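> Any chance you could fold what I've pasted below:
(2 chains)
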Amino acid sequence: MEQGHIKINIDGREIIAKEGQSIVQAARDNGIFIPTLCDFKSLQPAGTCRMCLVKVGERYVSACTTIVSQGMSVENESVELKENRKSLIEMLFVEGNHMCPSCEKSGNCQLQALAYRYQMTAPRYPFSFTQRKIDASLPYLVVEHNRCIQCLRCVRGVKAKDGHDIFGFIDRGGAIHISVDTTDTEAATEVIAQKAMDICPVGALIKKGGAYRVPIGERKYDNEVIGSDVEKERDKV
Amino acid sequence: MSRKITIEPITRVEGHGKVTIKLDDQNKVSEARLHVVEFRGFERFVQGRPYWEASVLVQRLCGICPVSHHLCASKALDRIVGVSSDELTPTADKMRRLMHYGQFFQSHVLHFFYLASPDLLFGVNSDPAQRNIVGVIKAFPELAKKAVLMRKFGQEIIQATAGKKIHGTGAIPGGINRHLTVKEKDHFISGAADYNANLMVDWALEGLELFKSYHKKNQTWVDGFASFESNYMSLVRKDGALDLYHGGLRAIDSEGNKIFDHVDYQEYHKYITEEVRSWSYMKFPFFTSLGPSKGWYRVGPLARLNTCDFIPSPLAQKEFENYKAYTSGKPNGNSMHMHWARLIETLHAAEMIRDLLIDPDLYSGELEKKGSRRSEGVGVLEAPRGTLFHHYKVDENDLITMCNLIVSTTSNNEAMNRSVKWVADHVLDGQSEIPEGMLNQVEVAIRAYDPCLSCATHAVGQMPLIVNLEDETGKILDQKVRDGV
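I've put the predicted structure just below:
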């Protein structure tokens, strides 16, 4: 084994991980899919969505924020964890107002794709029918609060050229919602709108003028289950 | 003792409605009404949404003709993004037309073969246990198979142009989001040996022959049943041709005199007013210039073949000439001839699909155009059931502030009520006993319009038919229930 590498075990399969990696990263490198919503590429993990909950020993931990250690044994695809994830997805659906049939992100939405992967039919929880607003006052960006899952990806990943924040959170608890600094001239640009839409896992941030341009059948999750791109790599590992 | 007969729901139509007929002490009809009992509210809840969602959201009010709503909203949105629907790129215009003809074809086939043909093949008074599509499949398996394949063909055309058979996203404001592929063309023209574009034309002709043969044997009934005069309205092309997708509004009276012609539908509100009556969720539109009592009108196949001067496809034109000759060129008010007109349109749609499929513009060319943003747009097209209006106003932030829909079935509201009254007066009046076959004739009259009550109130599912016999105090004396079919 190379220097800086360790062995861990996911669902009984022994894999090689790099020291300092999160469980999610190590799993991904080895063709194992652990679902995430708030985790995004190079962003510092936030552990907000809890979609990646796995079991290490008897403890539930978020796999995006937990660093691997030598000999770690991780439970990922158990019946219990799959059910937990499905339950979480259902909670996200009932907590917001997600109208997939007319959503611009349909077919490219990670929440919708996860619902398909975990075979959600109807949520077991009652809909909250929360009153939320839609803010379309910026020239290129629509902030659709009905669809926001508070993952913080926009807050962490969409910054102005000099690095300052454009998105933030205001209020707390059930009232928490994202906010855009509309006084910032960069917030009004097409570039920021595109970045925001690209980083948002759902349809909460939509760039104006481009809806439904990708035909049904050619959208990201029309022909493949979310995570199958990771799992395809498994045989090559 | 006076009685009230309720037919609820009306079967073999799209959506939920009920009929009430009141009979007095001498069994004379005192009142006959069609009530549309579902409430949808799309016009309200689309408010506050970004305008581009309208064409995808509003089509959800129907599972039978979503393409009509999708395209009609898109035509209104074309205006919002500054492009008139006749300024679209050839590719966008033809792809949308192909989608629309696919929709027409499958919807008309669904109505004639699945919903209406049991009445014609078995008789309106026949056993209801057989008088349905399952009965047709058992007794006429070859015909039923063709009907299923025709519908499948139309649905596949929709899928190829909109991405899905139901509730697709093909049309976008100012254009379309895809081309047709050569593989799809091959599939439709020659790939599917048992149902291709040429066969659809042949089978549409066979459907017409089925109606004509029934007509020949039952001429008096077909010509007389629920027949009455009315005004008519539809879109026509600039040269007066039947055009299901785009044109100007033409309205005629029962003698064929033009009430208005080639009206730009952006101005529709100057010509049409909608009246609300307390006993139905469906409004009653009328021509403003004539008022509600004289200005009510019919839309749909009967109206279209009354208003247009010719049909721009050869086989349908030939059938149109025979059809017009039957009434000596005068407007046709025979409600059962709606099936005849509908089948001529089915043939027209099949011819148009066949010809469009070999048009090179479908396979390459620009998809989308943009112009100067407007704050208001009206889209109108001919849906299978008649002229359809979508009207939107949009604020400076791109959010919808107003939506008005006048759906085809709404325009036929007064006419359907008159059809119910006609059957009540001519069939039920004076009868001490009212068997199921007589009640079915009420439904036959409504069914001729192929009404979509879900669309018109802007529901889904099947419910049993409940007939209540009540005394004048409303006390139920007898009740008969049968499963919906």
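> where along chain A do the helices fall?
In chain A, the helices defined using DSSP state H lie at A:23-29, A:79-95, A:110-117, A:153-157, A:190-199, A:228-232.
> Which among these is found nearest to chain B?
Nearest of these to chain B, taken as Cβ to the nearest Cβ: helix A:190-199 at 12.6 Å. Yep, even glycine has a C-beta here, placed from its N, CA and C like the rest.
> could the helices of chain A be laid out in CSV, adding distance to chain B and mean pLDDT?
Putting the helices of chain A into CSV (distance: least, Cβ to the nearest Cβ, whole Å; pLDDT from 0 to 100) gives the following:
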stretch, distance to chain B, mean pLDDT
helix A:23-29, 31, 96
helix A:79-95, 18, 97
helix A:110-117, 15, 98
helix A:153-157, 18, 96
helix A:190-199, 13, 96
helix A:228-232, 21, 93
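> can you list these in CSV and add mean neighbour count and distance to residue B:298?
Putting those into CSV (neighbours: other Cβ atoms under 10 Å in any protein chain shown; distance: least, Cβ to Cβ, whole Å) gives the following:
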stretch, mean neighbour count, distance to residue B:298
helix A:23-29, 22, 63
helix A:79-95, 17, 44
helix A:110-117, 21, 43
helix A:153-157, 22, 53
helix A:190-199, 19, 47
helix A:228-232, 13, 53
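> What's the local residue count around the residue of the stretch 151-300 of chain B found nearest chain A?
With Cβ to the nearest Cβ as the measure, residue B:163 is the residue of the stretch 151-300 of chain B nearest to chain A, at 2.8 Å. Burial of residue B:163 is recorded as 22 neighbouring residues (other Cβ atoms under 10 Å in any protein chain shown).
> and what of residue B:203?
22.
> The one 4 residues further on too?
Residue crowding around residue B:207 was assessed by other Cβ under 10 Å; the count is 25.
> before we move on, what about residue A:40?
22.
> Contact partners for it?
Shown in contact with residue A:40 (Cβ atoms under 8 Å, 6 or more residues apart in numbering or on different chains): A:153, A:156, A:157, A:199, A:201.
> Let me have those in JSON lines, adding distance to residue A:1 as columns.
Formatted as JSON lines, the contacts of residue A:40 follow (distance: Cβ to Cβ, whole Å):
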{"residue": "A:153", "distance to residue A:1": "34"}
{"residue": "A:156", "distance to residue A:1": "33"}
{"residue": "A:157", "distance to residue A:1": "34"}
{"residue": "A:199", "distance to residue A:1": "36"}
{"residue": "A:201", "distance to residue A:1": "35"}
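> For stretch B:328-336, output the C-alpha coordinates as CSV.
Taking only C-alpha atoms (Å, rounded to 0.1, in the frame of the first residue of the first chain), the coordinates of stretch B:328-336 have been written out as CSV:
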residue,chain,number,x,y,z
SER,B,328,-76.1,22.2,-50.0
GLY,B,329,-73.2,24.3,-48.8
LYS,B,330,-75.1,25.7,-45.9
PRO,B,331,-73.8,25.6,-42.3
ASN,B,332,-74.4,22.2,-40.8
GLY,B,333,-76.2,22.2,-37.5
ASN,B,334,-76.7,18.5,-37.1
SER,B,335,-75.0,17.6,-33.8
MET,B,336,-74.3,14.0,-34.8
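> in which helix or strand would I find the residue nearest to residue B:85 when sequence neighbours are not counted?
The shortest distance from residue B:85 to any residue other than its chain neighbours is 4.6 Å, reached at residue B:75 (Cβ to Cβ, 6 or more residues apart in numbering or on different chains). Assigned by DSSP states H and E, residue B:75 belongs to helix B:66-80.
> can you tell if the very next helix or strand once past that helix touches chain A?
Moving toward the C-terminus from helix B:66-80, the next helix or strand (DSSP H and E) is helix B:90-109. No - contact of helix B:90-109 with chain A (Cβ under 8 Å from any Cβ of the partner chain) is absent, the minimum separation being 10.8 Å.
> quick one: helix B:90-109 to helix B:66-80, angle?
For helix B:90-109 against helix B:66-80, the angle between stretch directions is 150 degrees (axes from the mean of the first three to the mean of the last three Cα atoms, to 10 degrees).
> Got the confidence number for the residue most central in space within chain A?
The centre of chain A sits closest to residue A:37, judged by Cα atoms, centre = their mean, with a distance of 1.5 Å. Here the pLDDT value assigned to residue A:37 is 97.
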